[in-house]
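*Asks:* When you get a sec, could you give me coordinates for this:
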Amino acid sequence: VPYTQDSLVGYDSLWYKETVREEIGKHLQEEDLLPGGRPITIKSAGIIVQDNPREAVRIALPINEETAYQTKKVVAWGYWIGVGTSAESVFSKNKDNIKTAVSTVAGITNPIAGLAIGAVTDLIIPSGENIDPVRYAITDSQNRDLFMNGQAYYHYDSGFGKGGSGKFTQPKMCQGVYYVCMYNENIHYRIDVTVKAVAVIEITDYQDVEYDRVKVTPRYVTLNKKRMVVNTSQIRVPAE
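*Replies:* Below you'll find the model as predicted:
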């Protein structure tokens, strides 16, 4: 029975250039989310009925960006809260403490950024008997509205005292808009609260690199062949 069969007789090599985008480096960059740092006055809880002892500070995180040769991604952000007129001077003490802690982390100089990436574990907050505490919570826009109306609300972080700090590193918490909601429980006096927030952005740079590549293709020829087909059968014969 005739048949055909492909037989390998050699290889063909094709040389060509391939351009590949490769990462060339990463670095961190901090961004102040609340520049200025002016204290916020929160009204008292009980003297004037019309006064609302609640305030909310809006924090809009930078949007992640990706271009052909660079990506920017928020990897962490942190906040700091201090009560009293001297809160700004108290916060400045953190700057001295962070210099050694983040000396090896390029691009990080703000204490809150250092807290966000884990270079420092705690920040100094105001202290003193003449400082009233504030109740605070980190919420989204929907729960911010509930908070401002005195209704039950959900929060991502909270605290009560003369100040506080915290950080977020979960990817889902590193995009969007959040609010620092604050409540003054003092029924006689207003309080001044300073709120600071800093985002840490990871910047990755890329470049095009050209490589020499080779594509090897096998070469076949078709051979005409024949093979024998044997048909077998069985018959019964008498045995003596």
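*Asks:* mind listing the helices for the chain?
*Replies:* Here the chain has its helices, by DSSP state H, at 87-101, 111-116, 141-148.
*Asks:* Out of these, which is the most enclosed?
*Replies:* Of all these, helix 111-116 carries the top mean neighbour count, a mean of 28, counting by mean count of other Cβ atoms under 10 Å. For the C-beta atoms, the positions are set from N, CA and C on the backbone; glycine is no exception.
*Asks:* Just checking the distance from that one to the centre of its chain.
*Replies:* For helix 111-116, the distance from its own C-alpha centre to the chain's C-alpha centre is 14 Å (Cα atoms, centre = their mean, to the nearest Å).
*Asks:* on that earlier part again, for the helices of the chain, which one sits closest to Arg190?
*Replies:* Each of the helices of the chain was scored for nearness to Arg190 using Cβ to Cβ, and the closest is helix 87-101 (14.5 Å).
*Asks:* name the helices or strands packed onto the closest one?
*Replies:* Packing partners of helix 87-101 (3 or more Cβ pairs under 8 Å, 6 or more residues apart in numbering; DSSP states H and E): strand 70-83, helix 111-116, strand 191-226.
*Asks:* Least reliable of the helices of the chain by average pLDDT, please.
*Replies:* Comparing mean pLDDT across these, the weakest is helix 87-101, with a mean of 78.
*Asks:* Any regions of this protein where pLDDT drops low?
*Replies:* Applying pLDDT under 70 to the chain flags residues 47-50, 97, 99-105.
*Asks:* Now do the spatially most central residue of it against Ala152, distance only.
*Replies:* In the chain, the residue lying closest to the centroid (Cα atoms, centre = their mean) is Val75, at 3.0 Å. Taking Cβ to Cβ, to the nearest Å as the measure, Val75 falls 32 Å from Ala152.
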